[in-house]
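Undergrad: Output the structure for:
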Amino acid sequence: MDCMFSSISAYSVIPLKGKLPKSSSVTTMAHPDTRICYRKLPKNLRYPRRPKLPPDFGVNLFLQKPRTGADTATDTQQIDSFSGHNNDSEEEEEDQGSNVVWESDEVEAISSLFQGRIPQKPGKLGRERALPLPLPYKLRPLGLPTPKKHVKFASPASRASVSKQLYKTPSFLIGLAREIKDLASDEDVSAVLNKWARFLRKGSLSMTIRELGHMGLSQRALQTFCWAQKQPQLFPDDRILTSTVEVLARNRELKVPVNLEKFTSLANRSLIEAMVKGFIKGGNLNLAWKLLSLAKQSKRMLDPSTYAKLILELGKNPDKHILVVDLLDDLGERDDLNLSQQDCTAIMKVCIRLGKFEIVESLFNWFKQSGRDPSVVMYTTLLHSRYSEKKYREALALVWEMEDSECLFDLPAYRVAIKVFVSLNDLSRAVRYFSKLKEAGFSPTYDIYRDLINIYMVSGRLAKCKEVCKEAEMAGFSLDKHTLLQLSQLEKELRLGFEF
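TA: Numbers count the residues shown, from 1 in each chain. Purely as a prediction, here's the structure:
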């Protein structure tokens, strides 16, 4: 039987076959029960740089597995065996390690690995979050505002009946008027209207009749009304009747009833208003005034806009100012006064011509108290009223109010404001608003140039006067004789002053 023994002597291993001779002796050593492997240690144990760090404060040492006495003895034996082999290497490492110097930043960085987050250098710690990418539906341009407050979404049923909605389409109704206009003189309007009769409803032909009135075809409008009277689905209808009456009254082709008092007591309010509006547009102001007076005697309250239109037309004639005052008194007595901004501004302009400045102020205050914002036209009208009344300080306060309300000035507003500044002899403000006028893209009028020249002459600034005169001549204006005479007198006075 072949066998092999491990020997720790200097002799080599001897293979033996069979039994050993008695004379030969071999020194052998049995292995102990605990076997120690002499392998190389890792670098972190062979070259330690610093002693081990203490355990973290957050670590519970009681949760670790307790160490027994046997484990401690075993570890001691292993450390003793290792120390015998590594004494020389440790001495060399200690000599090398003693020369290493650690900086505070490195120590702090290494210790932070065991503590948590690495401390950052002082500076801007808060990061700015990037803006989100623009969404495509937010980049689309806003649509135009719809004219109606309540928009009805199209349904399959409404889309299927588009042809039945032609009766209220303005382009279709105006197109009917154009087709009627193209008819020959001997043809009747029924040749056009019979084709579209199934699409018409009550009130739809009122726009066609008004369009025929704008074209000057009052007889065609009357024929259209007569055709509608024969259609049971279209008549009776007050809208067609009032449109026809207004067109005939405007063209002075309406037969006025002999007994107007009886007519105003029996007729509908909308019909009376249509007649008055037609007479006003046709220039028949006496008949409009008579009809309005009879309606007042019959205690028929007409719309305030009808009064405003008649006041505006009567105010153009100085001989009718007494009638205007009576109409203003009638409006002042009404509790249900409801005027649009355009009608209110028109009445204010007429009151300025009449010198009724207190009515202008009261109308402006009433309009603001009604919760509406005045336009630049209304502000300019009130500014002109205060200027005409020679209340320049109150006019100046109104200019500041316009500036505070961010009201954009137009050319008439700049013109009246500069007049106010010239009357106050405020040269700096007049020049500033003259510059703002040109910056806004407006071309100064002749009276603006003349006012600016006058205020420069009052200040004795001849050079500025000549500069403005040259600018006015380049704009195509020629100065009047009175202004040229004043400039020559100023130049003579300045020369005499220099001589003395």
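Undergrad: and residue 216, helix, strand or coil?
TA: coil (DSSP: H, G, I helix; E, B strand; the rest coil).
Undergrad: Report the contact partners of the residue nearest to it when sequence neighbours are not counted.
TA: Excluding its sequence neighbours, the residue lying closest to residue 216 (C-beta to C-beta, 6 or more residues apart in numbering) is residue 251, at 7.4 Å. For every residue, glycine as well, the C-beta is placed using N, CA and C. Contact analysis of residue 251 by C-beta atoms under 8 Å, 6 or more residues apart in numbering lists 213, 216, 218, 282.
Undergrad: Can you tell me which of these is nearest residue 234?
TA: residue 213 (18.4 Å; C-beta to C-beta).
Undergrad: Quickly find the element holding the closest one.
TA: helix 205-214 (DSSP states H and E).
Undergrad: Buried residues, that helix. List them.
TA: 205, 206, 207, 208, 209, 210, 211, 212, 213 (16 or more other C-beta atoms under 10 Å).
Undergrad: List the buried residues for the helix or strand that that helix is followed by?
TA: Once the chain leaves helix 205-214, the next helix or strand it forms, by DSSP H and E, is helix 218-229. Buried residues in helix 218-229, defined by neighbour count with 16+ other C-beta under 10 Å: 218, 220, 221, 222, 223, 224, 225, 227, 228.
Undergrad: Who are the packing partners of helix 218-229?
TA: Applying 3 or more C-beta pairs under 8 Å, 6 or more residues apart in numbering; DSSP states H and E, one finds that helix 218-229 contacts helix 170-181, helix 190-193, helix 205-214, helix 238-250.
Undergrad: Let me have those in a markdown table, extended by mean pLDDT and distance to residue 472.
TA: Output for the helices and strands packed on helix 218-229, formatted as a markdown table (pLDDT from 0 to 100; distance: least, C-beta to C-beta, whole Å):
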| stretch | mean pLDDT | distance to residue 472 |
| --- | --- | --- |
| helix 170-181 | 91 | 47 |
| helix 190-193 | 90 | 58 |
| helix 205-214 | 92 | 42 |
| helix 238-250 | 91 | 44 |
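Undergrad: can you pull out the strands in the protein?
TA: Using DSSP state E, no strands are found in the chain.
Undergrad: how about low-confidence regions in it?
TA: Scanning the chain with the threshold set as pLDDT under 70 gives 1-38, 48-100, 113-165, 497-500.
Undergrad: how about the helices in the stretch 401-500 of the chain?
TA: Here the stretch 401-500 of the chain has its helices, by DSSP state H, counting those that start in this stretch, at 411-423, 427-439, 446-459, 462-474, 481-499.
Undergrad: out of these, deepest packed?
TA: Ranked by mean neighbour count, those are led by helix 411-423 with a mean of 21 (mean count of other C-beta atoms under 10 Å).
Undergrad: orientation of it relative to helix 427-439 in degrees?
TA: Going by axes from the mean of the first three to the mean of the last three C-alpha atoms, to 10 degrees, helix 411-423 is angled at 160 degrees with respect to helix 427-439.
Undergrad: Please renumber the chain so that the first residue is 807 from this point on.
TA: I'll keep to 807 as the first residue from here, and by that count the last item is helix 1217-1229.
Undergrad: Please export the C-alpha coordinates of helix 1217-1229 as PDB.
TA: What follows is helix 1217-1229, C-alpha atoms only, in PDB (Å, rounded to 0.1, in the frame of the first residue of the first chain):
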ATOM      1  CA  LEU A1217     -57.000 114.400 -31.900                       C
ATOM      2  CA  PRO A1218     -60.000 116.400 -30.700                       C
ATOM      3  CA  ALA A1219     -59.100 115.600 -27.000                       C
ATOM      4  CA  TYR A1220     -55.500 116.900 -27.600                       C
ATOM      5  CA  ARG A1221     -56.900 120.000 -29.300                       C
ATOM      6  CA  VAL A1222     -59.200 121.000 -26.400                       C
ATOM      7  CA  ALA A1223     -56.600 120.100 -23.800                       C
ATOM      8  CA  ILE A1224     -54.000 122.400 -25.400                       C
ATOM      9  CA  LYS A1225     -56.600 125.200 -25.500                       C
ATOM     10  CA  VAL A1226     -57.100 124.800 -21.800                       C
ATOM     11  CA  PHE A1227     -53.400 124.900 -21.100                       C
ATOM     12  CA  VAL A1228     -53.000 128.000 -23.300                       C
ATOM     13  CA  SER A1229     -55.900 129.700 -21.400                       C
END
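Undergrad: got a list of contacts for it?
TA: 1182-1183, 1185-1186, 1189-1190, 1193, 1196, 1198, 1201-1202, 1205, 1208, 1215, 1233, 1235-1236, 1239-1240, 1242-1243, 1246, 1248, 1251, 1253-1254, 1257-1258, 1260-1261.
Undergrad: hmm, try it at 7 Å
TA: Where contact means C-beta atoms under 7 Å, 6 or more residues apart in numbering, the residues beyond helix 1217-1229 that reach it are 1182, 1185-1186, 1189-1190, 1193, 1198, 1201-1202, 1205, 1235-1236, 1239-1240, 1243, 1248, 1251, 1253-1254, 1257, 1260-1261.
Undergrad: Repeat that for stretch 1262-1279.
TA: 1231, 1233, 1255, 1258, 1259, 1285, 1292, 1293, 1296, 1297, 1300.
Undergrad: 8 Å instead?
TA: 1231, 1233, 1252, 1255, 1258, 1259, 1285, 1292, 1293, 1296, 1297, 1300.
Undergrad: again with stretch 1031-1050
TA: Contacts for stretch 1031-1050 (C-beta under 8 Å, 6+ apart): 994-996, 999, 1003, 1006-1013, 1015-1016, 1019, 1027-1028, 1030, 1074, 1076-1077, 1079-1080.
Undergrad: Many thanks, I have nothing further to ask.
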